[in-house]
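Q: here is a sequence with its predicted model. Questions after.
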Amino acid sequence: MNTYGLIVDKSIKKNIKIYRYMTLGKFMCMMEKQEIYLTKIKSWEDKWEIPTDEIENKYLHDNDLYGQCWSLEGTSDALWKIYSSNKEGILIETSPEKFKLISDIKFGILSPVIYYNDLEKALLQLKNMKGDKAIFGSGLLKRSAFKHENEVRLIVINNERCLDKKYENCTHINLKIDPFKFIEGIIVDPRASDWYLEAIKLYCLRLGFNIIPIKSDLYSPGDF
C-alpha cells in the first residue's frame, strides 16, 4: 500500500502526453519482462548530474537517487537521432497518471527538470525549494544545453520510505509494470523501413496489444 504515493508535479497537466524514446532492445525487454527500470542518477553519462556535491553535505540522499528520463516532445528530430542511431527506435506514449501504475513505489516524483545557465543560482533555487519536491530536487537540475529535450523525470530514493525495499549495490532498479495498461501509443522511427514497421506491428499483435504501432510522420511531406 502506498504511504505517500507518486507526486505528479503541478506543472504537468493531466491531459498532456509524456514520451520515452528507446532502442528496440529496451522496448522488447520492457514488454517481455513487464518491468520498467530506474538508473542511479550519479552513474549517468553527464557528470553534471546532481551538482550538489560541491556544496555542504545537506543533500543526504543524493547518492541514492534513481531516475528515468521522459520527454514532453513527441516529434523531436534530435531525440530520434540520439536514441535511435540505427533508425529502428521506438517511442512509447503515456499519460502522467499512468505512472502511478508502477509497482513498489511508495513515494516518488514525476517532474520536469529545472534547466539552468548559472549553477549558483540553480543551487539557491534548490535551497529555497519547499515541500516534498525539495527531497528530490537535486536530481532535477540539468544544464540548459539540454533544454531541447524538454525532459520530465521519474525519481525515487533507494530506501524503504520510497520503495518496498532498499536495493543493495546496484546501478539499476527494476520495478513491475503492466505495459498493456501503461502504454497508450507506440511510434516507430520516422526513418525506419516499411518492413520494419510491419515487423513491429506483428510483434505487438502477438503480445496482445490493442494498440497498432504507427510510423512517425516527422519527415512526411504532409507536414510542410
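A: Thanks, I have it.

Q: where along the protein do the strands fall?
A: Secondary structure of the chain (DSSP state E): strands located at 5-8, 18-22, 35-40, 65-71, 90-94, 107-112, 114-116, 141-143, 151-157, 172-176, 185-188, 214-215.

Q: of these, which approaches residue 123 most closely?
A: Of all the strands of the chain, strand 141-143 sits nearest to residue 123, with 7.9 Å by Cβ to Cβ. Yep, even glycine has a C-beta here, placed from its N, CA and C like the rest.

Q: quick one: mean pLDDT over that closest one.
A: Confidence for strand 141-143, expressed as mean pLDDT, is 93.

Q: export the strands of the chain to JSON lines and tack on distance to residue 127 and mean neighbour count?
A: Below are the strands of the chain laid out as JSON lines (distance: least, Cβ to Cβ, whole Å; neighbours: other Cβ atoms under 10 Å):
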{"stretch": "strand 5-8", "distance to residue 127": "20", "mean neighbour count": "17"}
{"stretch": "strand 18-22", "distance to residue 127": "28", "mean neighbour count": "21"}
{"stretch": "strand 35-40", "distance to residue 127": "24", "mean neighbour count": "18"}
{"stretch": "strand 65-71", "distance to residue 127": "17", "mean neighbour count": "22"}
{"stretch": "strand 90-94", "distance to residue 127": "33", "mean neighbour count": "22"}
{"stretch": "strand 107-112", "distance to residue 127": "17", "mean neighbour count": "22"}
{"stretch": "strand 114-116", "distance to residue 127": "13", "mean neighbour count": "17"}
{"stretch": "strand 141-143", "distance to residue 127": "12", "mean neighbour count": "19"}
{"stretch": "strand 151-157", "distance to residue 127": "18", "mean neighbour count": "23"}
{"stretch": "strand 172-176", "distance to residue 127": "28", "mean neighbour count": "15"}
{"stretch": "strand 185-188", "distance to residue 127": "39", "mean neighbour count": "20"}
{"stretch": "strand 214-215", "distance to residue 127": "45", "mean neighbour count": "16"}
